[in-house]
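K.L.:
this is a predicted model, with the sequence first.
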Amino acid sequence: MITAAQKNSSTDMVPITEALFESNLSGLKLLARGKVRDIYGLDKERLLIITSDRLSAFDVVLPDPIPGKGEVLTAISNFWFDLLEPIIPNHLTHADPAEHLVNAEDRIRMQNRAVVVKRLRPLPVEAVVRGYLIGSGWKDYCANGSVSGVKLPEGLELAEQLREPIFTPSTKAAPGAHDENISMKTVDKLIGTELAQKVEAISLELYKQAAKYTYGRGIIIADTKFEFGLEPDGELVLIDELFTPDSSRFWPVESYKPGASPQSFDKQYVRDYLETLDWNKLAPGPNLPQIVVKRTQAKYYEALSLLIS
């Protein structure tokens, strides 16, 4: 459980909950295990989602969970879903997950990492918005001066802020495969031009509103990704997670400087550690030292404290 004290704790915070690598809920049918989330069927219209403490990097689930990470992701996502609902509806039903957990131990362990959501048809693209040039966007820019077909000015530096945020969609790769940046023309072919334009416009608006909010709290959102689904009547709905340290790059405002990879409040710290290893970025992933686990945990809780406190 995330308490007020935990929200306000420092980067020296110790684990406050037993890590959950995966759930096995009594009486419910497991439909899928994603990189982080376990999805159970409730009925024809609803799903129960459990956000575990699993951590993925380079599209590989690592063997060591980050204690409490799933609770942090759930709290942050729920906060953003509520704050940004005037822009677009989301998948939350606000039903009590405990009503569907028949085992008392499950109700205790899952109470801050479970949500009941609508069953929707997910779109086959990830909606990525970049406000700064980093990650795969930087690699693409260095190779051809553009990202997902968006031409950028010459002479930009690593981590430099773009004049305006750009929409750079990607594929939703199968488990074990890597997402790839794609152009808007490809998105048009996948979901249709009208829907593609709507996804782009809403994604940019979500990013602008959230980036303004977080900057005032000391966090730069360098980039982020969204997932969308469709209601049976075709209404577009925001799904999955929203502006979390898993789906976004969070940088501290006070230490930001273009030209180098910034410090972060997200899993970039783990990616940087893994880059020092002789690992081919294929499963199975390497174990993480406890110091890396604890520092990653502290970064996630610091992000929670800054965003919601």
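P.N.:
On my side now, so go ahead.
K.L.:
for the rest of this, base every contact and every neighbour count on C-alpha atoms.
P.N.:
Fine.
K.L.:
ok, residue 149 - how many residues close by?
P.N.:
Using other C-alpha atoms under 10 Å, residue 149 has 17 neighbouring residues.
K.L.:
what pLDDT is listed against the closest residue to it other than its chain neighbours?
P.N.:
Take residue 149 and drop its neighbours on the chain: the residue closest to it by C-alpha to C-alpha, 6 or more residues apart in numbering is residue 183, 5.3 Å away. Note for residue 183: predicted pLDDT of 91.
K.L.:
which ones are touching residue 183?
P.N.:
Applying C-alpha atoms under 8 Å, 6 or more residues apart in numbering, we find residue 183 in contact with 148, 149, 150, 168, 169.
K.L.:
what about the fourth one, distance to residue 54?
P.N.:
Same thing as residue 168. 26 Å (C-alpha to C-alpha, to the nearest Å).
K.L.:
please apply the same query to the third one.
P.N.:
Distance, residue 150 to residue 54, using C-alpha to C-alpha: 33 Å.
K.L.:
more neighbours, those two?
P.N.:
residue 54 (23 against 13).
K.L.:
same for whatever helix or strand residue 70 lives in, what does it pack against?
P.N.:
Per DSSP states H and E: residue 70 is located in helix 69-83. Helices and strands touching helix 69-83, by 3 or more C-alpha pairs under 8 Å, 6 or more residues apart in numbering; DSSP states H and E, are strand 46-51, helix 290-308.
K.L.:
how far off centre is the next helix or strand after that helix?
P.N.:
Counting by DSSP H and E, the next helix or strand C-terminal to helix 69-83 is helix 104-110. Centroid separation between helix 104-110 and its chain, computed with C-alpha atoms, centre = their mean, to the nearest Å, is 24 Å.
K.L.:
next one: stretch 30-37
P.N.:
On C-alpha atoms, centre = their mean, the centre of stretch 30-37 falls 15 Å from the chain's centre.
K.L.:
which residues touch the strand ranked longest in the chain?
P.N.:
Determined from DSSP state E, the single longest strand within the chain is strand 219-230. The set of residues external to strand 219-230 that reach it, using C-alpha under 8 Å, 6+ apart, is 120-123, 125-134, 199, 203, 207, 210-211, 214-215, 236-243, 247-253, 306.
K.L.:
please, a ChimeraX command that selects the buried ones among those?
P.N.:
Buried residues among the contacts of strand 219-230 (16 or more other C-alpha atoms under 10 Å), as a ChimeraX selection:
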select :120,122,123,125,126,127,128,129,130,131,132,133,134,199,203,207,210,211,214,236,237,238,239,240,241,242,243,247,248,249,250,251,252,253
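K.L.:
which of the contacts of strand 219-230 fall in strands?
P.N.:
121-122, 125-132, 236-239, 248-252.
K.L.:
need the contact list for residue 287.
P.N.:
Counting by C-alpha under 8 Å, 6+ apart, residue 287 has contacts 62, 63, 64.
K.L.:
quick check, nearest of these to residue 280?
P.N.:
residue 62 (13.3 Å; C-alpha to C-alpha).
K.L.:
the closest one reaches residue 35, doesn't it?
P.N.:
No - using C-alpha atoms under 8 Å, residue 62 makes no contact with residue 35, being 9.3 Å away.
K.L.:
which residues do the two both contact?
P.N.:
Counting by C-alpha under 8 Å, 6+ apart, the residues touching both residue 62 and residue 35 are 54, 55, 56.
K.L.:
from residue 291, how far out is the last one?
P.N.:
What it means is residue 56. On the measure of C-alpha to C-alpha, residue 56 and residue 291 end up 17 Å apart.
K.L.:
between these two, who's got more neighbours?
P.N.:
residue 56 (19 against 9).
K.L.:
longest helix of the protein?
P.N.:
In the chain, with assignment by DSSP state H, the single longest helix is helix 193-215.
K.L.:
give me the contacts around it.
P.N.:
With C-alpha under 8 Å, 6+ apart as the criterion, helix 193-215 contacts 84, 87-88, 127-129, 165-167, 184, 187-188, 220-221, 224, 226, 228, 243, 253, 307.
K.L.:
one more: stretch 250-269?
P.N.:
Under C-alpha under 8 Å, 6+ apart, the answer for stretch 250-269 is 57, 134, 157-161, 215, 218-222, 245-246, 248-249, 296, 299-300, 302-303.
K.L.:
so where's the stretch 151-300 of the chain shaky on pLDDT?
P.N.:
Residues of the stretch 151-300 of the chain that meet the criterion pLDDT under 70 lie in 173-177.
K.L.:
re earlier: of all the helices and strands packed on helix 69-83, which one comes closest to residue 70?
P.N.:
strand 46-51 (4.8 Å).
K.L.:
got the contact list for the most centrally placed residue in the chain?
P.N.:
Nearest to the mean C-alpha position of the chain, by C-alpha atoms, centre = their mean, lies residue 247 at 2.1 Å. By C-alpha under 8 Å, 6+ apart, residue 247 lies in contact with 224, 225, 226, 241.
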